[in-house]
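Participant: Build me a model:
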Amino acid sequence: MQVLHVIRSCDPRGGGPIEAIRQLARACGYEWNFSVVCTDPPDAPWIAELELETAAVGPARGRYGYAPGLRAELRRRIPDADAVVIHGLWLYPDHLAARLCRSARVPYLVYVHGMLDPAFRRLFPLRHAAKTISWHLFDRKMLEGAAAVLFTCEEERRLAPQSFGPFRARTEIVPYAVGEPPGDAAQQREKFYQRFPECRGRRLVLYLSRLHPKKGCDLLIRAFAQAMSDDARFHLVMAGPGVADWVATLKRLVATLQVGSRITWTGMLTGDLKWGAFRSAEVFVLPSHQENYGIAVVEALACSVPVLITDRVNIWKEIETDGAGLVCADTVDSFTGILRQWKGLTEEDRVAYRSAAHRCYVTRFNSRAAASRFQEVVNDIVARR
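Facilitator: Below is the predicted model of the structure:
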């Protein structure tokens with residue numbers, strides 16, 4: 001099966017979509033041939049590390065992502081594909097790929113990656129207004145012409161029609177593929193402690209995601225300061241890339257709250273250091289104001305690490321149902337409450353949460369099941385072609 005993926009950027013700092021493609025390719029196996037077209041510069045360092053056949057035709061111009069070489073590359077590749085997966089909305093690569101697929105009569109699927117979450121209307125009202133124009137000009141037609149619109153979970157699909165009005169489209173649930181953690185756990189923990197020795201012997205509260213306003217990083221810092229100020233055994237690890245101005249704002253907040261000695265800033269972690277952070281953590285936290293899935297949440301579960309999340313993370317119902325962590329509203333007071341609740345647990349309680357976390361991953365989120373679901377949807381579409 002020849003599957004072409006079209007995505008604005010393969011930069012891993014951009015979040016989950018490119019990681020989802022990589023993990024899905026591994027889980028689908030050699031009989032499924034994945035290729036990628038993106039608008040990154042050809043010499044971007046992450047292109048060589050992608051482990052997939054990739055055509056980088058950028059750099060893209062402006063916020064719309066226009067790239068002059070994209071049309072020719074897609075015209076060359078789309079006719080040879082059994083199916084095309086378009087990752088995202090609002091941008092030139094998405095709109096162009098859909099239009100060329102319709103012309104070539106090649107079925108396309110659209111992974112919306114949480115971009116239809118109505119929370120954006122509240123969080124970023126000006127951007128939402130601009131996207132409303134794009135919706136009526138391009139994106140609604142793109143979704144209605146798709147062979148399938150893919151959502152990562154039922155909550156994401158339920159919320160989507162609330163953003164710009166209902167649309168007529170075939171929708172499917174296809175979770176992200178998240179594989180079992182690789183490597184030796186003890187060696188990964190030791191590598192992490194050697195790089196960040198202040199974390200050794202501490203009860204680590206791990207945040208591992210982009211440092212972005214929608215992720216609730218400021219909320220987390222305030223809640224941690226309130227909940228853990230009387231117990232120096234707890235240490236917050238803030239792991240992830242972020243825009244310099246926002247990171248500086250967060251660090252000023254830390255200084256104001258006088259918790260600088262209780263927080264480690266690691267920057268973006270990859271490979272053994274990333275997995276070492278997960279394996280060293282007592283609990284994982286993601287206080288997002290909006291999150292369509294949360295690959296890092298699932299990676300934590302795969303490492304048997306319980307999660308503390310808000311009910312704005314769209315897999316919160318699965319976490320709560322399986323007892324794999326604690327869930328609250330996206331406010332400082334609520335998150336302070338679940339941090340205090342976690343702090344008050346007994347060792348027996350924490351062991352039970354760890355067991356439930358891994359059980360939740362195995363039963364709901366393992367990569368083989370996600371890949372099988374993707375293959376089932378694509379096979380059905382191709383058979384109807």
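
Participant: which residue ranges form the strands in this structure?
Facilitator: Ranges of strands within the chain are 2-7, 33-38, 53-56, 83-87, 108-111, 148-151, 171-173, 203-208, 234-239, 263-267, 281-286, 307-310, 325-328, based on DSSP state E.

Participant: how close does Pro197 get to Glu190?
Facilitator: 11 Å (Cβ to Cβ, to the nearest Å). For every residue, glycine as well, the C-beta is placed using N, CA and C.

Participant: which of the two has more neighbours?
Facilitator: Glu190 (16 against 10; other Cβ atoms under 10 Å).

Participant: Quick check: that one touching Trp275?
Facilitator: No: Glu190 lies out of contact with Trp275 (Cβ atoms under 8 Å); the separation is 11.8 Å.

Participant: rewinding a little: need the strands of the chain in a markdown table with mean pLDDT, distance to Gln375 and mean neighbour count, can you?
Facilitator: Formatted as a markdown table, the strands of the chain follow (pLDDT from 0 to 100; distance: least, Cβ to Cβ, whole Å; neighbours: other Cβ atoms under 10 Å):
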| stretch | mean pLDDT | distance to Gln375 | mean neighbour count |
| --- | --- | --- | --- |
| strand 2-7 | 98 | 10 | 24 |
| strand 33-38 | 97 | 12 | 22 |
| strand 53-56 | 97 | 19 | 18 |
| strand 83-87 | 98 | 11 | 25 |
| strand 108-111 | 98 | 12 | 25 |
| strand 148-151 | 98 | 13 | 23 |
| strand 171-173 | 97 | 12 | 16 |
| strand 203-208 | 98 | 29 | 24 |
| strand 234-239 | 98 | 33 | 23 |
| strand 263-267 | 98 | 36 | 18 |
| strand 281-286 | 98 | 29 | 25 |
| strand 307-310 | 98 | 28 | 26 |
| strand 325-328 | 98 | 30 | 21 |
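
Participant: got JSON lines for the ones you listed, with distance to Arg350 too?
Facilitator: Formatted as JSON lines, the strands of the chain follow (distance: least, Cβ to Cβ, whole Å):
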{"stretch": "strand 2-7", "distance to Arg350": "39"}
{"stretch": "strand 33-38", "distance to Arg350": "39"}
{"stretch": "strand 53-56", "distance to Arg350": "42"}
{"stretch": "strand 83-87", "distance to Arg350": "37"}
{"stretch": "strand 108-111", "distance to Arg350": "36"}
{"stretch": "strand 148-151", "distance to Arg350": "33"}
{"stretch": "strand 171-173", "distance to Arg350": "32"}
{"stretch": "strand 203-208", "distance to Arg350": "10"}
{"stretch": "strand 234-239", "distance to Arg350": "13"}
{"stretch": "strand 263-267", "distance to Arg350": "21"}
{"stretch": "strand 281-286", "distance to Arg350": "7"}
{"stretch": "strand 307-310", "distance to Arg350": "12"}
{"stretch": "strand 325-328", "distance to Arg350": "11"}
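
Participant: for these, which one sits closest to Gln226?
Facilitator: strand 234-239 (12.1 Å; Cβ to Cβ).

Participant: Next, the angle from the closest one to strand 203-208.
Facilitator: 20 degrees (axes from the mean of the first three to the mean of the last three Cα atoms, to 10 degrees).

Participant: partners of strand 234-239, with directions?
Facilitator: strand 203-208 (parallel), strand 263-267 (parallel) (DSSP bridges).

Participant: want to try TSV for these, with distance to Val382 as columns?
Facilitator: Supplementary listing: those in TSV, determined by distance: least, Cβ to Cβ, whole Å:
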stretch	distance to Val382
strand 203-208	37
strand 263-267	42
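
Participant: what about these, which gets the closest to Glu318?
Facilitator: strand 203-208 (19.4 Å).

Participant: how about the closest one as CSV, C-alpha atoms only?
Facilitator: C-alpha atoms of strand 203-208 as CSV (Å, rounded to 0.1, in the frame of the first residue of the first chain):
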residue,chain,number,x,y,z
ARG,A,203,10.2,12.8,43.6
LEU,A,204,9.9,14.1,40.1
VAL,A,205,6.8,15.8,38.7
LEU,A,206,7.4,15.7,34.9
TYR,A,207,6.1,18.1,32.3
LEU,A,208,7.3,17.1,28.8
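
Participant: Kindly calculate the angle that it makes with strand 281-286.
Facilitator: 40 degrees.

Participant: who touches strand 203-208?
Facilitator: Residues outside strand 203-208 that contact it (Cβ atoms under 8 Å, 6 or more residues apart in numbering): 217, 220, 224, 228, 233-240, 269, 274, 277-278, 280-286, 296, 299-300, 305, 339.

Participant: Which among the strands of the chain is found nearest to Ala25?
Facilitator: strand 33-38 (4.4 Å).

Participant: Please list all residues in contact with Leu250.
Facilitator: Leu211, Cys217, Asp218, Ile221, Met238, Gly242.

Participant: can you rerun that using 10 Å?
Facilitator: Leu211, Pro213, Cys217, Asp218, Leu220, Ile221, Met238, Gly242, Ile263, Trp265 (Cβ atoms under 10 Å, 6 or more residues apart in numbering).

Participant: do you know how far the last one is from His212?
Facilitator: Using Cβ to Cβ, one obtains 15 Å as the distance from Trp265 to His212.

Participant: nearest to Met115, of the strands paired with strand 234-239?
Facilitator: strand 203-208 (22.2 Å).
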